[in-house]
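Undergrad: Fold the following, please.
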Amino acid sequence: MKDASIIPISLPTPFAVGDVNIYLVRGEALTLIDAGPNTKEAAAVLKKELAGQGLSLTDIDQVVLTHHHADHAGLLDEFPAGINIIGHPFNEPYISQNPDFIEKQKAFFTYLFQRFGVPGDMKPPGLT
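TA: So this is what the prediction gives:
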């Protein structure tokens, strides 16, 4: 095996949690642990950090997801089609954007936001 190294990358989020850490693992496969949130800022930081290592998104062999939350899996669409994504089977409907799953999620969150009294102008696009 090649010498392995783990390089932390801190990505900004629009969430109260603040920045999230993802990790570039140089080993037998060039692996990214998590992908970060789907924002222009996070994408720019990720690309800059990879460039600092002499890499780009197309050099990544695989992405390992710790879980499906938006701050960990949001940037998956930035990677080339067909990249190997590894994670728990529960991640799959989020990753593939399964239409039935998405409709159930919309219905669930529409109900939840109504129950919590969230005003219409504060709801995410696509929810009634």
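
Undergrad: distance of the spatially closest residue to Ser56 that is not a sequence neighbour from Phe109?
TA: Distances taken as Cβ to Cβ, 6 or more residues apart in numbering place Leu50 nearest to Ser56, at 5.8 Å, with adjacent residues excluded. For glycine as for every other residue, the C-beta is placed from the backbone atoms N, C-alpha and C. Going from Leu50 to Phe109 by Cβ to Cβ, to the nearest Å gives 33 Å.

Undergrad: out of the two, which sits in the more crowded spot?
TA: Neighbour comparison, Leu50 and Phe109: the larger count goes to Leu50, with 20 against 15 (by other Cβ atoms under 10 Å).

Undergrad: the bottom helix or strand of the chain by mean pLDDT?
TA: Least confident helix or strand of the chain, by mean pLDDT, DSSP states H and E, is helix 92-96 with a mean of 80.

Undergrad: Which residues does it contact?
TA: Residues outside helix 92-96 that contact it (Cβ atoms under 8 Å, 6 or more residues apart in numbering) are Leu65, His68, Ala73, Leu76, Ile85, Gly87, Asn98, Phe101.

Undergrad: same thing but 7 Å
TA: Residues outside helix 92-96 that contact it (Cβ atoms under 7 Å, 6 or more residues apart in numbering): His68, Ala73, Leu76, Ile85, Phe101.
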